[in-house]
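S.K.: dropping a prediction and its sequence here:
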Protein chains: 2
Amino acid sequence: MSTALIAGTGALPALLAAARPGMLICEMEGFAAAVPGAEPLRFRVERLVPFLDALVERGVTQVCFAGAMRRPRLEPELFDARTAALVPRLIGAMQAGDDATLRAVIELFEEWGLGVVGADDIAPDLVPGPGVLTGTPGPADAEDAARAAAIVAALGGVDVGQGAVVAQGLCLAVEALPGTDAMLDFAALHQGLKPDPTGARGVFYKAPKPDQDRRIDLPAIGPQTVARAAAAGLAGIVWQAGGVLLLDRAATQAAAEAAGLFLWAREP
Amino acid sequence: MSTALIAGTGALPALLAAARPGMLICEMEGFAAAVPGAEPLRFRVERLVPFLDALVERGVTQVCFAGAMRRPRLEPELFDARTAALVPRLIGAMQAGDDATLRAVIELFEEWGLGVVGADDIAPDLVPGPGVLTGTPGPADAEDAARAAAIVAALGGVDVGQGAVVAQGLCLAVEALPGTDAMLDFAALHQGLKPDPTGARGVFYKAPKPDQDRRIDLPAIGPQTVARAAAAGLAGIVWQAGGVLLLDRAATQAAAEAAGLFLWAREP
């Protein structure tokens, strides 16, 4: 089983490369993946078909997508004929939203005989199962987590965000395009709105969209998430067990302990 | 028909008092209503029953709630016996959320024979029916408005917020406890995320929660909403026709025209 890592930016690609040495690292031109020691195979979306052929020629049988990728600016003159023929299909998927785009990409890789696996297949430790990892959530925290989970599920139904901040039953912030860090900064700015200053401090809850393909684009939590949640005055971070990547588990737990936050992989 | 105005803070109470002179103005102790020339009847939640009696004694037959009210800090020693007897009922409603609290308050007034009417009953001009009031929304704006309406409806189902900002199909911000102004400031901060800098500039959409009682707590839009939407680089403001108060219509339209924003009361 020879695996290629389609690596975007962020910490995840390097963590996976360390967990399974010998993978072929691939990166999109213009979006360098920070994988130490790798000599990445570069590709462009305009030449996707030659790239798929190259993977097959090198004996790759499965791929794993990891890290953040942005939609590149496409340059029409760089398309080869076979990739150009795929454009109508991909454009259709892109117009139907992010999830549809990802599904179309997965289908394409599968048509080349390349299986698509999730990051948890490469490094199971990255996706914690149910349980409290650090600290002790109380009953009010459990109520805030349940309310936040309901909010995130409702948002996922309209393809918006993957997170929310709830304190004392009140929704302080909801994740949208600007992402988790921006939402936690917003929650920090407005933390004074919690009605009871001595009551429950609130939770940040994170979950994948209800119908997203979990092999690509799972939401992630890391040490910097802990720092921002602490700055927002929250009691802890809760996520859907099995649905969130915990990047650098040791450092994240240490940061949470130092800040007095709990970390809780909650049963859906 | 003698009407009492239960006046909170903000611009709405004065607008209604001007639209129907002679109403009895009432305000909660500690939350002064800015109604020029009024000598308000003050009440406290701890003495709600004597207040209801006083309204009936003065010949009041209907009431209108207007303006923002915060939950006061209750002082246990100020309760009279009959109001104290209502506490379990009101506490139950308060724990079930804002909408349930408002429904319980309406019920109580109705038990005293006091009809509860909406602000649009006092000043119909404040709640515009369907139509474009200012400017010209284009097809991309209409798509952004439709997507924002779907998002706000989904949020309303979990009792969160009444607004969202959508540009080029992407959700830039969602309203939560901090309110509309905070959300528009957030959208302004992140307006650079719109993928196509020359594409649709996006809309702010506002609607009441799907099952809220429209006689109380309709969302409102005014000239300062226009200023903030303009600062966020948006193309216009859209709201559910019949479901949003337009405070100071002339000033709001003038501000929108000056800023080049459209105002659109959209058919649900």
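M.R.: Perfect, thanks for sending it.

S.K.: can you pull the residues of the stretch 101-250 of chain A lying near chain B?
M.R.: By C-beta under 8 Å from any C-beta of the partner chain, the residues of the stretch 101-250 of chain A that approach chain B are A:147, A:150-151, A:154-155, A:157-158, A:160-161, A:164-165, A:170-174, A:176-178, A:182, A:186, A:189-190, A:193, A:195. C-beta: built from backbone N, CA, C; applies to glycine.

S.K.: isn't residue A:190 right next to residue A:170, touching?
M.R.: No. With contact defined as C-beta atoms under 8 Å, residue A:190 does not reach residue A:170; the gap is 10.5 Å.

S.K.: which residues do those two both contact?
M.R.: residue B:177 (C-beta atoms under 8 Å, 6 or more residues apart in numbering or on different chains).

S.K.: sorry, back to before: the residues of the stretch 101-250 of chain A next to chain B in helices, which ones?
M.R.: In helices, defined here by DSSP state H, the members of those are A:147, A:150, A:151, A:154, A:155, A:157, A:182, A:186, A:189.

S.K.: now do the same contact list for the closest residue to residue A:114 other than its chain neighbours.
M.R.: Distances taken as C-beta to C-beta, 6 or more residues apart in numbering or on different chains put residue A:63 closest to residue A:114, at 5.2 Å, once the chain neighbours are dropped. Contact analysis of residue A:63 by C-beta under 8 Å, 6+ apart lists A:3, A:4, A:5, A:6, A:26, A:55, A:109, A:114, A:115, A:116, A:117.

S.K.: so how far is residue A:52 from the last one?
M.R.: For residue A:117, the distance to residue A:52 under the criterion C-beta to C-beta, to the nearest Å works out to 16 Å.

S.K.: repeat for the first one
M.R.: In this structure, residue A:3 and residue A:52 are 15 Å apart, going by C-beta to C-beta.

S.K.: quick one: residue A:156 and residue A:219 touch, right?
M.R.: No. At 10.8 Å, residue A:156 does not count as touching residue A:219 under the criterion of C-beta under 8 Å.

S.K.: which one of those two has more residues nearby?
M.R.: residue A:219 (22 against 19; other C-beta atoms under 10 Å in any protein chain shown).

S.K.: ok, and the closest non-adjacent residue to that one?
M.R.: residue A:162 is the one closest to residue A:219 (C-beta to C-beta, 6+ apart), at 4.6 Å.

S.K.: surely that neighbour and residue A:175 touch.
M.R.: Yes. Using C-beta under 8 Å, residue A:162 is in contact with residue A:175, at 6.0 Å.

S.K.: pull up the overlap in contacts between these two.
M.R.: In contact with both residue A:162 and residue A:175: residue A:155, using C-beta under 8 Å, 6+ apart.

S.K.: neighbour count: the two, which is higher?
M.R.: Shown here are residue A:162 and residue A:175; by other C-beta under 10 Å, residue A:175 has more neighbours (27 against 24).

S.K.: how about the nearest residue to the more buried one, chain neighbours excluded?
M.R.: Counting by C-beta to C-beta, 6+ apart, the residue nearest residue A:175 is residue A:161, at 3.4 Å.

S.K.: count the neighbours of that neighbour for me.
M.R.: 26.

S.K.: just to revisit the earlier point, please pick the buried ones from the ones in helices among the residues of the stretch 101-250 of chain A next to chain B.
M.R.: Buried subset of these (neighbour count, 16 or more other C-beta atoms under 10 Å in any protein chain shown): A:147, A:150, A:151, A:154, A:155, A:182, A:186, A:189.

S.K.: quick one on the thing from earlier: common neighbours of residue A:156 and residue A:219, please.
M.R.: Joint contacts of residue A:156 and residue A:219 (C-beta under 8 Å, 6+ apart) are A:162, A:207, A:208.

S.K.: if we can go back for a sec, with pLDDT added, can I get the buried ones among the ones in helices among the residues of the stretch 101-250 of chain A next to chain B in JSON lines?
M.R.: Below are these laid out as JSON lines (pLDDT from 0 to 100):
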{"residue": "A:147", "pLDDT": "96"}
{"residue": "A:150", "pLDDT": "95"}
{"residue": "A:151", "pLDDT": "95"}
{"residue": "A:154", "pLDDT": "93"}
{"residue": "A:155", "pLDDT": "89"}
{"residue": "A:182", "pLDDT": "96"}
{"residue": "A:186", "pLDDT": "97"}
{"residue": "A:189", "pLDDT": "97"}
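
S.K.: alright, that wraps it up for me.
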